[in-house]
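S.K.: Turn this into a structure:
(one chain, ligands or ions: 2)
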Amino acid sequence: MLLNKSCSFFSSPFPSVLLRENAGFSISCSFPLKNSNGLISGVTVARCPTKASGFKGIVSASKETNHRPISNVLFDPFEEVKRELLHIPSVPQDSLARHMYTDRCEVAINDQINVEYNVSYVYHAMYAYFDRDNVALKGIAKFFKDSSVEERQHAEMFMDYQNKRGGKVVLESMLMPMSEYDHPEKGDALYAMELALSLEKLNNEKLLNLHKMANEVNDVHLADFIETEFLTEQVESIRKLSEYVAQLRRVGKGHGVWHFDLMLNNQLVAA
Ligand SMILES: [Fe+2]
Ligand SMILES: [Fe+2]
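M.R.: Ligands and ions are numbered 1, 2, ... in the order given. From the prediction side, this is the model:
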């Protein structure tokens with residue numbers, strides 16, 4: 001009744017019967033109306049009564065223009081939330097935060113944690129080799145020590161992410177890395193850098209596979225996390241190691257390596 005009275009100043013493409021059909025339910029919706037001057041105003045229907053005797057909704061018109069699209073879809077949070085309430089875990093071992101996070105993603109994140117840890121472990125072994133008194137390439141040793149820490153940080157970032165999404169971190173075993181890096185033709189520095197370049201490319205491939213899997217299961221948040229936190233950094237690592245390999249190929253195995261090591265040490269100390 002109130003609706004018809006209020007609407008006498010307006011013309012609307014929406015028949016009032018639309019609102020009458022909803023009598024007996026709680027609804028809240030807005031739609032535009034055109035008044036006698038041709039101006040569009042927003043009209044809000046705030047509430048309907050519970051009795052089936054008639055519609056007594058409260059209608060108010062605002063002067064602001066309403067450009068929102070009209071979908072005729074009513075959102076009833078207390079009705080729709082019932083579905084989510086049913087899925088809140090009651091078992092203490094299950095995550096409460098887990099939402100739209102598939103088992104496939106959980107397993108893949110644990111695999112990537114293992115990849116990052118393994119790379120970190122290899123770099124740590126390289127650090128120990130180049131830090132030996134009879135090798136004494138301090139710059140290369142520091143580079144691999146820093147790289148080892150960085151890869152472990154990557155593993156931790158994936159661990160944090162796993163916990164954030166309600167998955168469970170499962171650490172897998174790691175293979176024992178090599179302890180000797182000398183190579184008869186390439187020498188130790190070039191051989192280790194080529195190995196590091198190959199590892200970074202392999203890691204990049206693993207990250208791209210993880211990103212592809214996230215897209216396949218429509219996990220937008222995981223895909224964004226990998227893009228934002230890892231892919232750019234990974235490409236930059238590959239570029240940097242490629243330059244080191246190219247420089248070491250130029251300088252040979254002897255005195256040139258000592259100069260390369262000095263340059264790298266100065267760069268790392270200045271950074
Ligand atoms: Fe990494
Ligand atoms: Fe890396």
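S.K.: residue in the stretch 1-150 of the chain nearest to ligand 1?
M.R.: Nearest residue of the stretch 1-150 of the chain to ligand 1: Glu116, at 4.9 Å (Cβ to the ion). Where you see a C-beta, it was placed from the backbone N, CA and C, and this is true even at glycine.
S.K.: Alongside ligand 1, which residues does the stretch 1-150 of the chain contribute?
M.R.: Glu116 (Cβ under 5 Å from the ion).
S.K.: low-confidence ranges in the stretch 1-150 of the chain?
M.R.: Applying pLDDT under 70 to the stretch 1-150 of the chain flags the ranges 1-70.
S.K.: Which parts of stretch 167-179 count as buried, going by neighbours?
M.R.: Using 16 or more other Cβ atoms under 10 Å as the test for burial, stretch 167-179 gives Gly167, Pro177.
S.K.: Within the helices and strands, which one has the residue of the stretch 1-150 of the chain closest to ligand 1?
M.R.: According to DSSP states H and E, Glu116 maps onto helix 103-130.
S.K.: That helix - contacts with which helices or strands?
M.R.: helix 138-164, helix 187-216 (3 or more Cβ pairs under 8 Å, 6 or more residues apart in numbering; DSSP states H and E).
S.K.: Now render the ones you listed as JSON lines, adding mean neighbour count.
M.R.: Below are those laid out as JSON lines (neighbours: other Cβ atoms under 10 Å):
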{"stretch": "helix 138-164", "mean neighbour count": "19"}
{"stretch": "helix 187-216", "mean neighbour count": "18"}
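S.K.: Can you lay out these as TSV showing distance to Val257?
M.R.: Compiled in TSV, the helices and strands packed on helix 103-130 are given as follows (distance: least, Cβ to Cβ, whole Å):
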stretch	distance to Val257
helix 138-164	8
helix 187-216	5
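S.K.: Of these, give the one that comes closest to Val122.
M.R.: With Cβ to Cβ, the closest approach to Val122 among the helices and strands packed on helix 103-130 belongs to helix 187-216: 6.5 Å.
S.K.: how about His183, what does it touch?
M.R.: His183 makes contact with Leu190, Tyr191, according to Cβ atoms under 8 Å, 6 or more residues apart in numbering.
S.K.: Next one: the residue in the stretch 151-271 of the chain that ligand 1 sits nearest to from Ile113, what distance?
M.R.: The minimum distance from the stretch 151-271 of the chain to ligand 1, using Cβ to the ion, falls at His154 (3.7 Å). In this view, His154 and Ile113 are 9 Å apart by Cβ to Cβ, to the nearest Å.
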